[in-house]
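# model this:
(2 chains)
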Amino acid sequence: MRSLINILDLSVEEIDGLLNVADDIIADPKKYSEVCHGKKLATLFFEPSTRTRLSFEAAMYELGGNVLGFSDAGSSSATKGESVADTTKMVCCYADIIAMRHPKEGAPLVASMHSTVPVINAGDGGHNHPTQTLTDLLTIRRKKGKLSGFTIGFCGDLKFGRTVHSLIQALSRYENVKIVLISPEELKLPSYVKKDVLQKKGIEYVQTTDLEAVLPELDVLYMTRVQRERFLSEEEYIRLRDSYILTREKLVKNAKSDLTILHPLPRVNEISTDVDDDPRACYFEQALCGKFVRMALIMELLGIHLD
Amino acid sequence: MHIDSIKDGIVIDHITAGNAMRIYNLLGFDKLECSIAIIKNVGSKKMGKKDIIKIDSNIPINLEALGYIDPGITIDVIRDSVLVDKRSVDLPQTLHGVLKCKNPRCITSCEQELEQIFTLTDKENRVYRCMYCEAKA
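As a prediction, the model looks like this:
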């Protein structure tokens, strides 16, 4: 029995295999519409999440399976003081696979240690969110046709953004990916990510505060939201929130015609809505990819393989 | 300076000078009933100066914790005044119940019964990270 807690739990070959299945689901969804018939996914969401939870639920329904669970800790036994281990042992009696989001870092790992069914980490605090990384990888591969030999810019909150850290980690295992880090001084990529991932693997990277200056070089632009909850001062939050706003004008002036713009969503104001109609804006398609890659992952962890 | 040799017990030797009290506290020797000698700044050909702890009882020793604090340590096991076993400790791959995760967002901060486990992630720089949240020790 296998779980997915950290993106590095998967080898490059396993990731490529999952993305291949996701591509096949997109090409022929009918083929997969009943493969999880009779199976149940438990969505244990100890903190609210719209996108991830709906994406998991939609994924299971489209595989012909069923879903049970809760969408905030208030409606679970956690309010009565039940441990993650006990909740997991109980849920294993009713479900075939678990997707868990928890505000505490490491909670899905604890669940996997006590579970008799596969556990998928659907986000644990500011720590890991491997299915978002799979989503990002699938979207990039579908847009660029490969996961190597391109330049990707990460823009916005690179300090606290777990999706950025995980995607950098995942991309560091592919060949010839050049990374451009665009952020205000206060929200730069933490030095341990630079040291442990980029420098350790000899990956070429550039740090800058100027988005417009580097925009012409980028094949992929990964925008992120500055999160209000990370700041003590509202003034500081507003100042940094408005550091980078991608507009259609900037795109027209500076960007490559085949640029791929990604965003894990939700956005606040970092991508102007006038960008949405531009063919380079791929963030809603990215959300759709999230469902397909989760379908592929659920199948893999349940041991369902189609020829 | 003369310290009586022990009949049945343990000698923790080659402790880096100054580390004896840290070991004494971290391994909970203050709770033991038996005689314990802490000898500090003993002359050593190899180390210049070293500390030694002698415990007059065959208590179980947490080798992981010792290896974490001071990987050069040796442990002599004495039975009937004879040295019957000599062990050296290395930097352990994992630490169970030795350190406590300081990350307030870690699951161990609210589920106190979880065992604190740290893993060696960078031997060169002696970096241990919490198994659950990966925060640095």
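# count of neighbours near residue 117?
Went with chain A since none was named. A:V117 is flanked by 22 other residues according to other Cβ atoms under 10 Å in any protein chain shown. Bear in mind the C-beta positions are built from the backbone N, C-alpha and C, glycine included.
# my question was about chain B, not that one.
17.
# distance of it relative to chain A?
Note on B:I117: its distance to chain A, by Cβ to the nearest Cβ, to the nearest Å, is 10 Å.
# make sure that residue is actually in contact with B:P92.
No. B:I117 lies out of contact with B:P92 (Cβ atoms under 8 Å); the separation is 11.3 Å.
# so where do the strands sit in the stretch 151-300 of chain A?
A:177-182, A:205-208, A:220-223, A:260-262 (DSSP state E, counting those that start in this stretch).
# among the ones you listed, which comes closest to B:K45?
B:K45 sits nearest to strand A:205-208 of all the strands of the stretch 151-300 of chain A, at 48.9 Å, using Cβ to Cβ.
# how's the chain carved up into domains?
I went with chain A, as the question did not name one. A:7-128+A:290-301, A:131-287 (automatic domain parsing).
# oops, wrong one, chain B.
What automatic domain parsing lists as the domains of chain B is B:9-88, B:94-130.
# so for A:P216, which of the ones you listed sits nearest?
domain B:94-130 (37.6 Å).
# for the strands of the stretch 151-300 of chain A, give me a markdown table that also has distance to A:A122, mean pLDDT and mean neighbour count.
Below are the strands of the stretch 151-300 of chain A laid out as a markdown table (distance: least, Cβ to Cβ, whole Å; pLDDT from 0 to 100; neighbours: other Cβ atoms under 10 Å in any protein chain shown):
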| stretch | distance to A:A122 | mean pLDDT | mean neighbour count |
| --- | --- | --- | --- |
| strand A:177-182 | 26 | 97 | 22 |
| strand A:205-208 | 29 | 96 | 14 |
| strand A:220-223 | 20 | 98 | 26 |
| strand A:260-262 | 19 | 98 | 25 |
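# now residue 43, what are its backbone angles?
Using chain A. Backbone torsions of A:T43, given as degrees, to the nearest 10, read phi -100, psi 110.
# wait, I meant chain B there
phi -60, psi 140.
# tell me, how many residues neighbour it?
Residues near B:G43, counting by other Cβ under 10 Å, number 8.
# likewise for A:E34?
11.
# pLDDT score assigned to residue 2?
Looking at chain A here, since you left the chain open. A:R2 carries a pLDDT value of 93.
# should've been chain B
Per the predicted model, pLDDT is 59 at B:H2.
# same check, this time on B:N62
Looking at B:N62, the pLDDT reads 86.
# so it sits against B:V98, correct?
Yes. If you go by Cβ under 8 Å, B:N62 and B:V98 touch, sitting 7.0 Å apart.
# so for chain B, the centremost residue is which one?
By Cα atoms, centre = their mean, chain B has its centre lying nearest to B:L66, at 2.2 Å.
# how far away is that one from A:D196?
Distance of B:L66 to A:D196, computed by Cβ to Cβ, to the nearest Å: 27 Å.
# ok, B:N41 next?
Here the criterion is Cβ to Cβ. By it, B:N41 lies 38 Å from A:D196.
# sorry, back to before: which of the domains of chain A sits closest to chain B?
domain A:7-128+A:290-301 (2.6 Å; Cβ to the nearest Cβ).
# that closest one near chain B anywhere?
Yes. With Cβ under 8 Å from any Cβ of the partner chain as the criterion, chain B is reached by domain A:7-128+A:290-301 at A:83-85, A:102-107, A:109-110, A:124-127.
# and whichever residue of chain B sits closest to chain A, what is it in contact with?
In chain B, no residue comes nearer to chain A than B:Y132, which is 2.6 Å away by Cβ to the nearest Cβ. Applying Cβ atoms under 8 Å, 6 or more residues apart in numbering or on different chains to B:Y132 gives the contacts A:105-107, A:109-110, B:101, B:106-108, B:114, B:117.
# state the helix or strand in which the most centrally placed residue in chain A lies.
Residue closest to the average C-alpha location in chain A (Cα atoms, centre = their mean): A:Q132, at 1.4 Å. Per DSSP states H and E, A:Q132 falls inside helix A:130-144.
# so what's A:Y222 bridging to?
A:F154, A:L262 (DSSP bridges).
# could you check the distance from A:G64 over to A:I298?
11 Å.
# for the two, indicate the residue with more neighbours.
When neighbours are counted by other Cβ under 10 Å, A:G64 and A:I298 differ, and A:I298 comes out ahead with 25 against 14.
# can I assume that one is in contact with A:K40?
No. Between A:I298 and A:K40 there is no contact under Cβ under 8 Å: 11.0 Å.
# low pLDDT regions in chain B?
In the predicted model of chain B, residues B:1-4 satisfy pLDDT under 70.
# also the stretch 1-150 of chain A?
Looking along the stretch 1-150 of chain A with the criterion set at pLDDT under 70, you get A:1, A:75-79.
# between B:N62 and B:V98, who's got more neighbours?
Just comparing B:N62 and B:V98: by other Cβ under 10 Å the higher neighbour count belongs to B:V98, 21 against 17.
# identify the residues contacting that one.
Contact analysis of B:V98 by Cβ under 8 Å, 6+ apart lists B:26, B:62, B:64-65, B:68, B:116, B:118.
# could you export those as TSV, including secondary structure?
Shown next, in TSV, are these (DSSP: H, G, I helix; E, B strand; the rest coil):
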residue	secondary structure
B:L26	helix
B:N62	coil
B:E64	helix
B:A65	helix
B:Y68	helix
B:Q116	coil
B:F118	strand
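# on that earlier part again, and the residue of chain B closest to chain A, which helix or strand is it part of?
Counting by DSSP H and E, B:Y132 is part of no helix or strand.
# give me phi/psi at it?
phi -90, psi -50.
# so which of the contacts of B:Y132 sit within helices?
Counting by DSSP state H, the contacts of B:Y132 place A:107, A:109-110 in helices.
# coming back round to it: deepest-packed of the domains of chain A, please.
Ranked by mean neighbour count, the domains of chain A are led by domain A:7-128+A:290-301 with a mean of 19 (mean count of other Cβ atoms under 10 Å in any protein chain shown).
# quote the end-to-end distance of that domain.
14 Å (Cα to Cα, to the nearest Å).
# ok, now which ones touch the residue of chain B most remote from its centre?
Using Cα atoms, centre = their mean, the residue of chain B lying farthest from its centre is B:R105. It sits 28.2 Å away. The contact partners of B:R105, by Cβ under 8 Å, 6+ apart, come to A:103-105, A:125-127, B:133.
# sorry, back to before: what about the domains of chain B, which gets the closest to A:A281?
It is, among those and with distance given as Cβ to Cβ, domain B:94-130, at 32.9 Å.
# now that closest one, how far from the centre of its chain.
Distance of domain B:94-130 from its chain centroid, counting by Cα atoms, centre = their mean, to the nearest Å, is 17 Å.
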